[in-house]
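In: Predicted model follows, preceded by the sequence.
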There are 2 protein chains.
Amino acid sequence: MSKLRGFQKLTFTYEALKTWFEALQIKPCRAITIPLTEAYNRVLAENAVADEDLPRFNRSAVDGYAVRAEDTTGASQQKPLLFRLTEEDELTDTAHRQAKQVWTGHPIPKGSNAVVMLENTKQVDPKIEVWKQAAPFDNVAREGEDIKKGEVAVEAGTRLKPHHLALLNALGKSEIEVVEKPKIAILATGNELAKVNEERNEKQIWESNRILLTAMCCELDAEPLDLGLVKDDVNEISEAITLGLKVADAVITSGGTSVGGLDLVPEAVNKVGKPGILVHGIALRPAMPTALAALEGKPVMVLSGNPVAAITGFEVFARPLICKLLGLKKEEPRPTVQATMTRKIATALGRKNFVRVRVTQKNGEFQAEPVSAKGSGNLSTMTKANGYIIVPENREGLAEKEKVTVNLFGDAEM
Amino acid sequence: MSKLRGFQKLTFTYEALKTWFEALQIKPCRAITIPLTEAYNRVLAENAVADEDLPRFNRSAVDGYAVRAEDTTGASQQKPLLFRLTEEDELTDTAHRQAKQVWTGHPIPKGSNAVVMLENTKQVDPKIEVWKQAAPFDNVAREGEDIKKGEVAVEAGTRLKPHHLALLNALGKSEIEVVEKPKIAILATGNELAKVNEERNEKQIWESNRILLTAMCCELDAEPLDLGLVKDDVNEISEAITLGLKVADAVITSGGTSVGGLDLVPEAVNKVGKPGILVHGIALRPAMPTALAALEGKPVMVLSGNPVAAITGFEVFARPLICKLLGLKKEEPRPTVQATMTRKIATALGRKNFVRVRVTQKNGEFQAEPVSAKGSGNLSTMTKANGYIIVPENREGLAEKEKVTVNLFGDAEM
């Protein structure tokens, strides 16, 4: 009966994370070489170093005439200076003013050190008039000014965005070492659940946490693996977890993690091996019944079956875990916005509370409207919200007009 | 010669967009049906309506005993009330107090309207003691409280995030109508460019704009198609654009769009058909030489070869275009942060200026440090920055300590 009496003690989220990570000593997944063209959003495994200067020669930044800057001294529209044109790759005749026509992005000839824009010249065959004085390196992209040979172009642990790929490509790289996507095995449990498109009885509801957790893995560019849906049966659950440990870098389960008669997942985890469950019962709302475990040196996360609690548990525990497995320099934050509470809300003291809000913009100010707390497990509270506020353990709520930081979902329109 | 004298007139970005979109009357790509399991990040094409109530029955939110709330009146730890246990799916004996054990997520029996948590009961075989009074619907998720049958669960034009997928799945949906990914054909032009892994001569640099624009399409979940790299040759360029129009919903070129002798892309566009170039020369820095065109009712975007200008042109023109093709309810903004300028900067009056900055956090305040303006075409200014500020046409710069809105890149760590 005492098994049914709730958690004896709740662990703070930071303590829980510390215990879990210390037991596991998470390392990034192994590095693999892939074509740069497939590297968007992947995480760089090693510093990418420039093999040459970029640009690798002094390059014109405009269409115009390459000259020696000192030859232009005194030139103006009233007092143009005449330059001889050359087709050579070098200005050789230092005794006379020489110019060579150049196009944007092309190298300037040896001996030249500036480019006069076309609009500041006039062709007077076979010479040109220069109407404007140029300082050294005017309109010139200097050799190595973007990146010097030997410099780190992109640091290990960087998530590769379009501009990183372009820089690596400009440096001549066609392949790159990235961190393999962490494989996350996902299991749903519960007699009350049925798979969509299969039979369900009168007492069952459609299972929807696998698609939820799968998509949350995709959001971080991890690779979700489906362990299916199993009944509230210790053997079935531990077999599925055992399989998950074979194929994946981490296992996430949902459902059966409270302290009721059908909450068999923690028992099933402990049946698989040692050390098993490390923390069970978190000072977190929603998501109190979350458990964290280690098996065969791999992390196992036991999330609530309540979808909103599962999302919260994922945010707090799976997100930092996956960021570590990905080898990211630091945990990727959600975008945030500073907003003003439209009304006060109460939260539980001694718990970290995730409060769903809808942020709207009004006269350039952001306002956060709490999404009705009734039915905290309802998915529609997530789809009506566009972000959440984290209320810390030492607060009992938020005041009306309080300034808060809202963590935004990916689709935040405001 | 006048062709080389720069643009006669620059068009404001909002005017350019208006002209372009009015000429094109962009519609979302066609709707296709796909499995819900593949719908992460896709855009919903039609309102998704609930076919049944969610939950579809009154469901227990906890482990405990389902009862008639009115039967618990006066119950307390000092004065427990005795209830008979039943295994039936209905509390039939209205003359006596009845209770049925229920688990989280399972239906409560007919005739019951509340659940007393296990911790507030005690088993006294064959009855139970109830220690706490319950109000109607305490610990019950009511039929339809999440979503009612016939309600719109997710609106057309929504980018599907994990919680949307979960809600649709919970409603029994296994397939969904999404907007097809817009196909964007990407062409690079320029004699000065060589493909990585192929030969390059002394005057060539590695081409890197295709991978840049390809990844920027991926960022929005559009489908990039590669038209390759062609020389500064009107025929080659127009052939590539013609091919692009056959296979894609839009064509983006980079390079050859200024007004110099090798800037042949606008001419090549006009050679393909009518109306051709609609706007050329934008009051935008960088990205002034951008051109917008329409051919065969499809949008064509002629971006600068300078990679930073290409990024800017993409942000200003391709991003809203792709959002329209995706059928998004409204343009997806980048995440933003309010920050304070660390120093003043000058910008060009009459132009929309994109200023790259690095945002850092200091004592909870965000500070925006402009990334050195020297070498505005250098990709390293993008990789050193983590966001940009848009300085409007009526400003000549930003003041030190000015409060600004920074648009963050995808990898923003601060």
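Out: Happy to help now that I have it.

In: From now on I want contacts and neighbour counts done on CA atoms only, so please keep to that.
Out: Noted.

In: Checking residue A:20 next. Helix, strand or coil?
Out: Under the three-state scheme (DSSP: H, G, I helix; E, B strand; the rest coil), residue A:20 adopts helix.

In: Wait, it touches residue A:278, no?
Out: Yes: with contact defined as CA atoms under 8 Å, residue A:20 reaches residue A:278; the gap is 6.8 Å.

In: Pick out the residue nearest the middle of chain A.
Out: The residue lying closest to the centre of chain A (CA atoms, centre = their mean) is residue A:332, at 5.0 Å.

In: What separation do you get for that residue and residue A:323?
Out: 7 Å (CA to CA, to the nearest Å).

In: Also residue A:162?
Out: 20 Å.

In: picking that back up, find residues that contact each of residue A:20 and residue A:278.
Out: Shared contacts of residue A:20 and residue A:278, defined by CA atoms under 8 Å, 6 or more residues apart in numbering or on different chains, comprise A:292, A:293, A:294.

In: list the contacts for residue A:133?
Out: Listed by CA under 8 Å, 6+ apart, the contact partners of residue A:133 are A:69, A:72, A:73, A:74, A:75, A:76.

In: taking those one by one, which sit in strands?
Out: Counting by DSSP state E, no part of the contacts of residue A:133 is found in strands.

In: Quick one, which of the residues you listed are buried?
Out: A:69, A:72, A:75, A:76 (16 or more other CA atoms under 10 Å in any protein chain shown).

In: Nearest to residue B:222 among those?
Out: Among the buried ones among the contacts of residue A:133, residue A:69 lies closest to residue B:222 (CA to CA), at 46.7 Å.

In: which helices and strands sit right next to the lengthiest helix in chain A?
Out: If you go by DSSP state H, chain A has its longest helix at helix A:234-247. Helix A:234-247 sits against strand A:183-189, strand A:223-230, strand A:250-254, helix A:265-272, with contacts defined as 3 or more CA pairs under 8 Å, 6 or more residues apart in numbering or on different chains; DSSP states H and E.

In: Need the ones you listed in TSV (columns: mean neighbour count).
Out: As requested, these are exported to TSV (neighbours: other CA atoms under 10 Å in any protein chain shown):
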stretch	mean neighbour count
strand A:183-189	26
strand A:223-230	19
strand A:250-254	27
helix A:265-272	21
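
In: Quick one: those as TSV, columns for distance to residue B:167 and mean pLDDT too.
Out: Formatted as TSV, the entries for the helices and strands packed on helix A:234-247 read as follows, by distance: least, CA to CA, whole Å; pLDDT from 0 to 100:
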stretch	distance to residue B:167	mean pLDDT
strand A:183-189	16	98
strand A:223-230	18	98
strand A:250-254	16	98
helix A:265-272	24	97
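
In: between these, which gets nearest to residue B:16?
Out: The nearest among the helices and strands packed on helix A:234-247, by CA to CA, is strand A:223-230 at 41.6 Å.

In: report the angle between the axes of the closest one and strand A:183-189?
Out: 20 degrees (axes from the mean of the first three to the mean of the last three CA atoms, to 10 degrees).

In: Pairing partners for strand A:223-230, with directions?
Out: Here strand A:223-230 has these sheet partners by DSSP bridges: strand A:183-189 (parallel).

In: Name the residues that touch the partner strand?
Out: A:207, A:209-210, A:213-214, A:217, A:222-232, A:237, A:240-241, A:244-245, A:247-256, A:305.

In: List the contacts of the residue in the stretch 301-414 of chain A that chain B sits nearest to.
Out: Minimum separation of the stretch 301-414 of chain A from chain B (CA to the nearest CA) falls at residue A:378, amounting to 5.3 Å. In this structure, residue A:378 makes contact with A:307, A:308, B:146, judged by CA under 8 Å, 6+ apart.

In: Next, count neighbours for the first one.
Out: Read that as residue A:307. Using other CA atoms under 10 Å in any protein chain shown, residue A:307 has 27 neighbouring residues.

In: For the stretch 1-150 of chain A, what lies in contact range of chain B?
Out: Contact residues, the stretch 1-150 of chain A versus chain B (CA under 8 Å from any CA of the partner chain): A:4-6, A:37, A:40, A:55-56, A:63, A:103, A:105-107, A:118-119, A:141, A:145-147.

In: Select only the buried ones of the residues you listed in PyMOL?
Out: Command for PyMOL, covering only those of those found buried under the criterion 16+ other CA under 10 Å:
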select buried, chain A and resi 4+6+37+40+55+56+63+103+105+106+107+118+119+141+145+146+147
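
In: Just the C-alpha atoms of stretch A:157-176, please, in PDB.
Out: This file holds the C-alpha atoms of stretch A:157-176, laid out as PDB (Å, rounded to 0.1, in the frame of the first residue of the first chain):
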ATOM      1  CA  GLY A 157      30.800  21.600 -31.600                       C
ATOM      2  CA  THR A 158      29.200  24.100 -34.000                       C
ATOM      3  CA  ARG A 159      25.800  23.300 -35.500                       C
ATOM      4  CA  LEU A 160      26.400  23.900 -39.200                       C
ATOM      5  CA  LYS A 161      24.200  26.600 -40.600                       C
ATOM      6  CA  PRO A 162      24.200  27.900 -44.200                       C
ATOM      7  CA  HIS A 163      26.900  30.500 -43.700                       C
ATOM      8  CA  HIS A 164      29.200  27.900 -42.100                       C
ATOM      9  CA  LEU A 165      28.800  25.600 -45.000                       C
ATOM     10  CA  ALA A 166      29.500  28.400 -47.400                       C
ATOM     11  CA  LEU A 167      32.700  29.300 -45.600                       C
ATOM     12  CA  LEU A 168      33.900  25.700 -45.500                       C
ATOM     13  CA  ASN A 169      33.100  25.300 -49.200                       C
ATOM     14  CA  ALA A 170      34.900  28.600 -50.100                       C
ATOM     15  CA  LEU A 171      37.900  27.100 -48.400                       C
ATOM     16  CA  GLY A 172      37.800  24.100 -50.800                       C
ATOM     17  CA  LYS A 173      36.300  21.600 -48.400                       C
ATOM     18  CA  SER A 174      34.000  19.000 -49.900                       C
ATOM     19  CA  GLU A 175      33.900  16.600 -46.900                       C
ATOM     20  CA  ILE A 176      33.600  17.200 -43.300                       C
END
